[in-house]
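Visitor: this one's structure only:
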């Protein structure tokens, strides 16, 4: 399934990260509503349903963002915002249903102020999750790339590394490489850092000299 592009090693790490994030949210939610006079024990089933739905939506957001990890940062930021807005709407609906169940048999009127605050809360937690999960997944991806490259010989580069190295040797900047390959500057920077470690250099000039000495077949 091309939609899910997480490797097996990334799944446990992402699930642990999600568990920690939403557990902290659950604790804070219970504490703050407890201070407002809401019984945390009686309201716990509804909170668990809310957090469970949040976890499912959050993982879906992460997978969609991961699918676009080669896009530019502004594009992914805009995508994160749109996905967070959609998730916040669902958050408001589930939260209001919990309120109806908690208040039963008393009737609950739709309060625009409460709905507005719930929308802001949902947008904040999901946009925060989007940004943190992008950073987290980028970090795991860089570690995976680093491990893979260190285990190979200098002349055994991936297709993407060959493309970036060829453009780098032509004097292209990170932004120019990103624009030409339609990937984000962050991805370019990660690959260049890996290439530096691969060839044991710290500067572009040294990398060019090393490639010339080794006569790497970039066009192979």
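Guide: Structure received. Just so it is clear, the model here is predicted, and its values are computed rather than measured. Numbering: from 1, shown residues only.

Visitor: rest of the way, CA atoms for contacts and neighbours
Guide: Noted.

Visitor: what helix or strand is the residue nearest to residue 81 when sequence neighbours are not counted on?
Guide: Among residues not flanking residue 81 along the chain, residue 127 sits closest, at 6.2 Å (CA to CA, 6 or more residues apart in numbering). Assigned by DSSP states H and E, residue 127 belongs to helix 112-150.

Visitor: Quick check: what element follows that helix along the chain?
Guide: Heading C-terminal from helix 112-150 (DSSP H and E), you reach helix 159-169.

Visitor: what residue ranges in this protein are flagged as low confidence?
Guide: Scanning the chain for pLDDT under 70 picks out the ranges 1-9, 70, 138-156, 213-220.

Visitor: Need the residue closest to the centroid of it.
Guide: residue 134 (2.1 Å; CA atoms, centre = their mean).

Visitor: what's the burial count for the residue lying closest to residue 54 once chain neighbours are set aside?
Guide: Excluding the flanking residues, the one nearest residue 54 by CA to CA, 6+ apart is residue 91, at 7.2 Å. Using other CA atoms under 10 Å, residue 91 has 24 other residues around it.

Visitor: In this structure residue 91 contacts residue 122, no?
Guide: Yes: with contact defined as CA atoms under 8 Å, residue 91 counts as touching residue 122 (6.0 Å).

Visitor: right, and residue 55 touches residue 23 too?
Guide: No: using CA under 8 Å, residue 55 is not in contact with residue 23, being 10.0 Å away.

Visitor: So those two - more neighbours on which side?
Guide: Between residue 55 and residue 23, counted using other CA under 10 Å, residue 55 has the larger neighbour count: 19 against 14.

Visitor: and the more buried one, which of the three is it?
Guide: helix (DSSP: H, G, I helix; E, B strand; the rest coil).

Visitor: residues contacting the residue nearest to the centre of the chain?
Guide: Residue 134 makes contacts with 62, 65-66, as judged by CA atoms under 8 Å, 6 or more residues apart in numbering.

Visitor: Closest one to residue 158 out of those residues, please.
Guide: Ranked by distance to residue 158 (CA to CA), these are led by residue 66 at 19.9 Å.

Visitor: Quick one: neighbours of that closest one, just the number.
Guide: Neighbour tally, residue 66, other CA under 10 Å: 20.

Visitor: which helices and strands sit right next to the helix or strand that contains it?
Guide: According to DSSP H and E, residue 66 maps onto helix 40-67. Counting contacts by 3 or more CA pairs under 8 Å, 6 or more residues apart in numbering; DSSP states H and E, helix 40-67 is packed against helix 10-35, helix 73-103, helix 112-150.

Visitor: quick one, which of the ones you listed is nearest to residue 173?
Guide: When these are compared by CA to CA, helix 73-103 sits nearest residue 173, at 16.8 Å.

Visitor: now the closest one against helix 40-67, angle please.
Guide: Using axes from the mean of the first three to the mean of the last three CA atoms, to 10 degrees, the direction of helix 73-103 lies 160 degrees away from that of helix 40-67.

Visitor: and helix 73-103, which residues are buried?
Guide: Buried positions in helix 73-103, judged by neighbour count with 16 or more other CA atoms under 10 Å: 76-77, 79-81, 83-85, 87-92, 94-96, 98, 102.

Visitor: Likewise for stretch 27-45?
Guide: Residues of stretch 27-45 classed as buried: 30, 40, 43 (neighbour count, 16+ other CA under 10 Å).

Visitor: Which single one of those residues is nearest to residue 193?
Guide: Nearest to residue 193, judged by CA to CA, of these is residue 30 at 43.9 Å.
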